[in-house]
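Enquirer: return a 3D structure for these sequence lines:
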Amino acid sequence: PSPPPSPPPSPPPSPPPSPPSTGFALLDVKAELGNPVALSSWTGSDPCASWAGVTCSGGVATRLDLSYNTGVTASVSTLPVSLGLATTLTSVDLSGSSFSGTLPGAWSSLTALTFLSAQGNGLTGALPSGWSTLTAAKSLDLRSNTLTSTVPAAWSTLSAVSRLYLSDNSAMCGMLPSPLDGAGITARTNTGLGMACPSPPPLPPSPPSPSPPPPSPGNALSTLQSSVSPAAWSAAGLSGWASNTDPCSPVWTGVTCVGGVPTAVNLASYALDGPLPADWSHVATLVDIDLSGNSFSGGLPEAWSELGSLSYLQLSSNGLTGTLPAAYSALAVMQELYLQNNALYSTIPSGWGSAFGSLVRIVLSDNANMCGTIPAGISSRVIATGVSGLGSACPSPPPPPLPPSPPPSPPPSPPPSPPPSPPPSPPPSPPPSPP
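Expert: The predicted structure is shown next:
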């Protein structure tokens, strides 16, 4: 049998599309500028057919002059990026026509350009480093704008430039790259060019992070477990006190709720220990707390002053220490406060005397180290059996110990003994007798 015919050869890949002609590129410029009336002559596709501002040479558009013609920016004032596709242009003059915005980096493709002027506009931003490809450029005029930053080091390729006009761009600074630093090349009046740029001001401090939301009542109450030792927690049988659960469910031993919110906690005599949980301050609906007859230690949580509904607080017969928080004067509806049989010390804060408008009693008995005057506003409602110091001034602290006396000076050393006298010399021998 005959072999099967060979498949036809694949067609060669299509060549990349040619860039648009300068005529079509200028029509894109017109569209970018919002089709201004000032460019109404730009119709068809031949820019050499009496298009305003266009000069041709040999049937090719080589010069574009839209200088001092604010009509071209009547609709849109930013420099047209598509001008970078008009690659036959050797001269572009956009002076004084109210252009704004930044210099387009896409104009780096205008490699035939020898003259460019955009002076006297409202241009901002930095000089594009990509313009280092404009190696045919002889004159670049960008003065009297609001340009910033430095002349890019990449512009060291622009060796054909004989005049670079950057005057009256007061925010420009920094050293000029060679060869643009040559004598008479760069006009830089009223700029900081030729000097180091100033250091930027320090950044403003970061705004504070938003505070996390307060914990739910269940999560706040469950922090008791982290305060209590594992052995005491296990013995108390409070396994139902789990975070992310409803504290009004029956498994939350000792918690009473009204209207679906916790209002009372009664864990008296559960042999609990550790510090009192400060996070209970987030359970604003608590009215009654009874933690008496346990082994809690440490101080009274100052944060509990935020429990604005609390009227009954029973903490007697624990091992609490420290002073009474002055901030508790904010507990305006407090009626009964039981703190007896602990190890509290110091005085009753003076601010408590004008707080507690509904107070019935404060019991401070058997806190032997409490002392000082009882504020007049609550003196008739304070019970302090066994606290002899309350009602009288606190004892002064003992004076600091005296420094130890210096050791006695040693007795003076006796004077050194004189050296012993040498023995007397023997008398001279008599002369010998004559023979």
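Enquirer: F115 is in contact with A136, correct?
Expert: No. Applying CB atoms under 8 Å as the test, A136 and F115 come out as separate, 9.8 Å apart. The way it works is simple: take the backbone N, C-alpha and C, and place the C-beta from them, glycine included.
Enquirer: give me the common contacts of these two.
Expert: T90 (CB atoms under 8 Å, 6 or more residues apart in numbering).
Enquirer: the helices in the protein, which residues?
Expert: Counting by DSSP state H, the chain has helices at residues 22-32, 217-221, 224-227, 230-236.
Enquirer: mind putting those in CSV, mean neighbour count included?
Expert: Formatted as CSV, the helices of the chain follow (neighbours: other CB atoms under 10 Å):
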stretch, mean neighbour count
helix 22-32, 19
helix 217-221, 21
helix 224-227, 18
helix 230-236, 14
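Enquirer: let's have the ones you listed in CSV, adding mean pLDDT and distance to L142.
Expert: Formatted as CSV, these follow (pLDDT from 0 to 100; distance: least, CB to CB, whole Å):
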stretch, mean pLDDT, distance to L142
helix 22-32, 94, 19
helix 217-221, 95, 63
helix 224-227, 95, 67
helix 230-236, 95, 75
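Enquirer: any idea which of those helices gets closest to G298?
Expert: Closest to G298 of the helices of the chain is helix 224-227 (CB to CB; 9.1 Å).
Enquirer: can you give me how far that closest one is from the chain middle?
Expert: Computed by CA atoms, centre = their mean, to the nearest Å, the chain-centroid distance of helix 224-227 equals 33 Å.
Enquirer: out of the helices of the chain, flag the one nearest T373.
Expert: Closest approach to T373 among the helices of the chain (CB to CB): helix 224-227, 33.8 Å.
Enquirer: what's the closest of the helices of the chain to F99?
Expert: Nearest to F99, of all those, is helix 22-32, at 11.7 Å by CB to CB.
Enquirer: ok so, going back, now the helices of the chain as TSV including distance to T189?
Expert: Shown next, in TSV, are the helices of the chain (distance: least, CB to CB, whole Å):
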stretch	distance to T189
helix 22-32	32
helix 217-221	68
helix 224-227	71
helix 230-236	79
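Enquirer: nearest to T124, out of these?
Expert: Closest to T124 of the helices of the chain, according to CB to CB: helix 22-32, at 18.2 Å.
Enquirer: can you list the residues that contact the closest one?
Expert: With CB under 8 Å, 6+ apart, helix 22-32 has contacts from 20, 36, 39, 42, 44-47, 51, 54, 60-61, 64, 76, 78, 80-83, 85-89.
Enquirer: still on that earlier bit, for P275, find the nearest of the helices of the chain.
Expert: P275 sits nearest to helix 224-227 of all the helices of the chain, at 5.3 Å, using CB to CB.
Enquirer: for the closest one, which outside residues touch it?
Expert: In contact with helix 224-227 (CB under 8 Å, 6+ apart) are residues W233, L238, W241, L272, G274, P275, L276, P277, W280.
Enquirer: hang on, the earlier thing: tell me which of the helices of the chain sits nearest to A153.
Expert: helix 22-32 (30.1 Å).
Enquirer: mind jotting down where the strands sit in the stretch 151-300 of the chain?
Expert: Taking DSSP state E, counting those that start in this stretch as the criterion, the stretch 151-300 of the chain contains strands spanning 163-165, 171-174, 186-187, 192-193, 255-258, 261-266, 273-275, 288-290, 295-298.
Enquirer: name the residues of the first one that are buried.
Expert: To tie it back to what came earlier, the one meant is strand 163-165. By neighbour count on 16 or more other CB atoms under 10 Å, the buried set for strand 163-165 is L164, Y165.
Enquirer: what's the mean pLDDT across that strand?
Expert: Computed over strand 163-165, the mean pLDDT rounds to 96.
Enquirer: repeat that for the fourth one.
Expert: In this model, strand 192-193 has a mean pLDDT of 94.
Enquirer: quick one: distance of it to the chain centre.
Expert: Remark: strand 192-193 is offset 33 Å from the chain centroid, using CA atoms, centre = their mean.
Enquirer: direction included, what does that strand pair against?
Expert: strand 171-174 (parallel) (DSSP bridges).
Enquirer: separate out the buried members of the contacts of helix 22-32.
Expert: 20, 36, 39, 42, 47, 51, 54, 61, 64, 76, 80, 82-83, 85-89.
Enquirer: mind checking which of those are in strands?
Expert: With strands taken from DSSP state E, the overlap with these comprises V54, A61, L64.
Enquirer: which strand residues bridge the first one?
Expert: What it means is V54. When assigned by DSSP bridges, V54 has beta-bridge partners L64.
Enquirer: any chance of the ones in strands among the buried ones among the contacts of helix 22-32 in CSV, plus pLDDT?
Expert: Below are these laid out as CSV (pLDDT from 0 to 100):
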residue, pLDDT
V54, 97
A61, 96
L64, 97
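Enquirer: how close does the nearest residue to P247 once chain neighbours are set aside get to W252?
Expert: Leaving aside its chain neighbours, P247 sits nearest to G218 (4.5 Å; criterion: CB to CB, 6 or more residues apart in numbering). Counting by CB to CB, to the nearest Å, the gap from G218 to W252 is 8 Å.
Enquirer: so what sits against both of those two?
Expert: With CB under 8 Å, 6+ apart, G218 and W252 have common neighbours T245, D246.
Enquirer: got the contact list for the spatially closest residue to F99 that is not a sequence neighbour?
Expert: Excluding the flanking residues, the one nearest F99 by CB to CB, 6+ apart is N121, at 4.2 Å. N121 is in contact with L94, S95, G96, S97, S98, F99, S100, S144, N145, counting by CB under 8 Å, 6+ apart.
Enquirer: can you check G34 too?
Expert: A74, S75, V76.
Enquirer: pLDDT and distance to A171 added to these, as a markdown table?
Expert: Shown next, in a markdown table, are these (pLDDT from 0 to 100; distance: CB to CB, whole Å):
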| residue | pLDDT | distance to A171 |
| --- | --- | --- |
| A74 | 93 | 28 |
| S75 | 93 | 28 |
| V76 | 94 | 25 |
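Enquirer: give the buried residues for stretch 182-194.
Expert: So, applying 16+ other CB under 10 Å, buried residues of stretch 182-194: T186, R188, T191, G192, L193.
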